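Asker: Generate a structure from the sequence data that follows.
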Amino acid sequence: MEEVSWIEEDYFTERYPVTPDLLERLGLTLQSTPEEFAKVYRDYGIDLPDWAEIRLVGQDIQVHGYKEHHEQVAGINHLLSKGFKIVKE
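Answerer: Numbers count the residues shown, from 1 in each chain. A predicted model of the protein is given here:
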């Protein structure tokens, strides 16, 4: 028998509504790949592990990751939807 050395149970998948305006502010389209979605959010400072995923599913952005990733994506989406620009100094 082998010893279990790593168990991850605190991740989950959830969807967040997306509008055409939000997609435009993110620099993405309905045809953008999951890799393009992940890159945009990484550029905003979200540190995604290799197994985590951010992608478009229908009219929603689907996040598969830790609670922290969900909160960050929701926050970024909220600010951009309200017309804010997010820049790194």
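
Asker: So Glu9: helix, strand or coil?
Answerer: Under DSSP: H, G, I helix; E, B strand; the rest coil, the three-state class of Glu9 is coil.

Asker: Dihedrals phi and psi, the residue nearest the centre of the chain?
Answerer: Geometric centre of the chain, nearest residue: Ile54, 4.2 Å, by Cα atoms, centre = their mean. According to degrees, to the nearest 10, the main-chain angles of Ile54 amount to phi -130, psi 120.

Asker: ok, Ser32 - contacts?
Answerer: 23, 56 (Cβ atoms under 8 Å, 6 or more residues apart in numbering). (Glycine included, C-beta is placed from N, CA and C.)

Asker: So it: helix, strand or coil?
Answerer: Classified using three-state DSSP, Ser32 is coil.

Asker: how near is it to Gly75?
Answerer: Shown here: Ser32 relative to Gly75, a distance of 20 Å by Cβ to Cβ, to the nearest Å.

Asker: element containing the closest residue to the residue nearest to the centre of the chain other than its chain neighbours?
Answerer: Closest residue to Ile54 apart from its sequence neighbours, by Cβ to Cβ, 6 or more residues apart in numbering: Phe37 at 4.6 Å. Assigned by DSSP states H and E, Phe37 belongs to helix 34-43.
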